[in-house]
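S.K.: Any chance you could fold what I've pasted below:
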Amino acid sequence: MKRGAEAPTLIASAQRALRLLEAAAQHPAGATAKQLARDTGLALGTTYHLLRTLVHDRYLERREGRYRTGPAVLGLSAEAPDGPEAGRIRLDRMLRRIAHELNAAVHYARYKDGEVELVAARAAPGTATADPANFRSGAHAHASGKTLLALLSAEERREYLASHPMVPFTPYTLRQPAQLPLLPGPGPRRAAPITQYQEYQLGLVGAAVPIVLGSELAAIAVALPLSQAHRLTAVAGKLQARVGEDLATAAFGV
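M.R.: As a prediction, the model looks like this:
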């Protein structure tokens, strides 16, 4: 046999790990180890060993006994260039995944240059995303805006409300600065999610949690139709559990 025709050396464990990654990518809501073992034809013991390694290196993440692709996978696609565009793609993928997992509309907002701005959003069946037309002027009414205002200093909040008066969007909109919530003390991620019940739009409820990375302030919010208001506390709790350093790092890359 000619030297150039020699079969390449293949690493079987690497092949098996890649098969698991491919299988997990087919389950946006996550799959159990048994499901992935069946999908790939791997022994269950081998599957668990590989899953532990992939989770450790953040190629997969495990939540409530189910495995899904993790943050280390997000930057591998050729579709994701370096720079702000890569951050936008990573953020959009995460919002899409969260909207699917929670069956709720989701959006990401930030406070930048003295303004509350809507950066990215994902709708869900039966629930539209935040209305971008009134987003800046409605920070006192939607959950993400109320969260960002709660993160500001008293002086920053006064300045913001002086240029963006608390106009009513619905009969339930808060009208006085003293009615706005505040996040107590350090570690705002541990605070309870901030909610709105038909304050921004009739028939819509929502909740938001802060994302803080250094001096950067942002919030991620979910929205549900009023008919599903009974789900809001549970959905907000799951959203809060998802917020961490990985999400903050990816979000502030946009």
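
S.K.: For this structure, give me the ranges with low pLDDT.
M.R.: Along the chain, segments meeting pLDDT under 70 span 1-10, 71-72, 74-87, 184-190, 244-254.

S.K.: In it, where's the longest helix?
M.R.: Secondary structure of the chain per DSSP state H: the longest helix is helix 84-102.

S.K.: For the host helix or strand of Gln240, give me every contacting residue.
M.R.: Assessed by DSSP states H and E, Gln240 sits inside helix 232-242. With C-beta atoms under 8 Å, 6 or more residues apart in numbering as the test, helix 232-242 has contacts from 98, 101-102, 104, 106, 189, 193, 195, 205-207, 209, 220, 222, 224. The C-beta positions use only the backbone N, C-alpha and C, and glycine is treated the same way.

S.K.: where do the strands sit along the stretch 1-150 of the chain?
M.R.: Taking DSSP state E, counting those that start in this stretch to define them, one finds strands in the stretch 1-150 of the chain at 60-63, 66-69, 105-112, 115-122.

S.K.: Could you save those as TSV and add columns showing distance to Gly45 and mean neighbour count?
M.R.: Output for the strands of the stretch 1-150 of the chain, formatted as TSV (distance: least, C-beta to C-beta, whole Å; neighbours: other C-beta atoms under 10 Å):
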stretch	distance to Gly45	mean neighbour count
strand 60-63	17	18
strand 66-69	16	20
strand 105-112	37	23
strand 115-122	38	19
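
S.K.: quick revisit: buried set for the longest helix of the chain?
M.R.: 86-95, 97-99, 101-102 (16 or more other C-beta atoms under 10 Å).

S.K.: Name the SS class of the residue nearest to Ala150 when sequence neighbours are not counted, please.
M.R.: Nearest non-adjacent residue to Ala150, counting by C-beta to C-beta, 6 or more residues apart in numbering: Leu183, 4.6 Å away. Three-state call for Leu183 (DSSP: H, G, I helix; E, B strand; the rest coil): coil.

S.K.: Now do the contacts for Leu183.
M.R.: Counting by C-beta under 8 Å, 6+ apart, Leu183 has contacts Thr147, Ala150, Leu151, Ala191, Ile194, Pro210.

S.K.: Ranking by neighbours, what's the top pick from those residues?
M.R.: Within the contacts of Leu183, most neighbours by other C-beta atoms under 10 Å means Thr147, with 31 neighbours.

S.K.: So which of the strands of the stretch 1-150 of the chain is nearest Gln179?
M.R.: strand 115-122 (17.4 Å; C-beta to C-beta).

S.K.: Convert the closest one to CSV, retaining C-alpha atoms only.
M.R.: C-alpha atoms of strand 115-122 as CSV (Å, rounded to 0.1, in the frame of the first residue of the first chain):
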residue,chain,number,x,y,z
GLU,A,115,-31.1,55.0,27.9
VAL,A,116,-33.0,51.8,28.4
GLU,A,117,-32.8,49.9,25.1
LEU,A,118,-34.3,46.7,23.7
VAL,A,119,-31.4,44.7,22.2
ALA,A,120,-32.9,41.3,21.2
ALA,A,121,-36.2,39.5,21.6
ARG,A,122,-37.8,36.1,20.8
